[in-house]
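> 3D model of this:
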Amino acid sequence: MNNYQDIKIQPDKEFNLPTLRNNVCQKLHKAIWDLKTKNIGVSFPKLDNKLGDTIRIHSSQSDLEKLQNLNWLGGLSGYCKVSDILTV
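Numbering: from 1, shown residues only. Sure, this is the predicted structure:
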């Protein structure tokens, strides 16, 4: 797991942060299942007393690219800013 990608959730008037974060996590879980991989980890780098607005996905460059190619965020992509794949 030498690489990571951040997903920053951007809530609006209609959807608050906890609702969007839960939906993103649900879709991410399904995408990881669909990839049939055990080499993807998840963390919350802005954790204080709450989970924060950023989900960080850890894996290899190739597994993160496979995940990206699934377009797993679907309609939630408008509420998320996805970083490039970065090296740890």
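
> can you pull out the strands in this structure?
3-9, 41-43, 54-59, 80-82, 86-87 (DSSP state E).

> Relative to His29, which of these is closest?
Checking these against His29 by C-beta to C-beta gives strand 41-43 as the closest, at 8.9 Å. (Each C-beta comes from the backbone N, C-alpha and C, glycine too.)

> what about the closest one, distance to the chain center?
Here strand 41-43 is found 9 Å from its chain centre; the criterion is C-alpha atoms, centre = their mean, to the nearest Å.

> same check, this time on stretch 16-35
7 Å.

> How about stretch 65-82?
The answer for stretch 65-82 is 8 Å, by C-alpha atoms, centre = their mean.

> buried sites along it?
66-68, 72-73, 76, 79-80 (16 or more other C-beta atoms under 10 Å).

> picking up where we left off before, with mean pLDDT and distance to Asn16 added, can I get the strands of the chain in a markdown table?
Shown next, in a markdown table, are those (pLDDT from 0 to 100; distance: least, C-beta to C-beta, whole Å):
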| stretch | mean pLDDT | distance to Asn16 |
| --- | --- | --- |
| strand 3-9 | 97 | 10 |
| strand 41-43 | 96 | 21 |
| strand 54-59 | 97 | 16 |
| strand 80-82 | 97 | 14 |
| strand 86-87 | 97 | 28 |
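
> TSV for the ones you listed, including distance to Ile32?
Formatted as TSV, the strands of the chain follow (distance: least, C-beta to C-beta, whole Å):
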stretch	distance to Ile32
strand 3-9	13
strand 41-43	9
strand 54-59	9
strand 80-82	16
strand 86-87	19
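
> what's the closest of the ones you listed to Arg21?
Across these, closest to Arg21 is strand 3-9 (C-beta to C-beta), at 5.6 Å.
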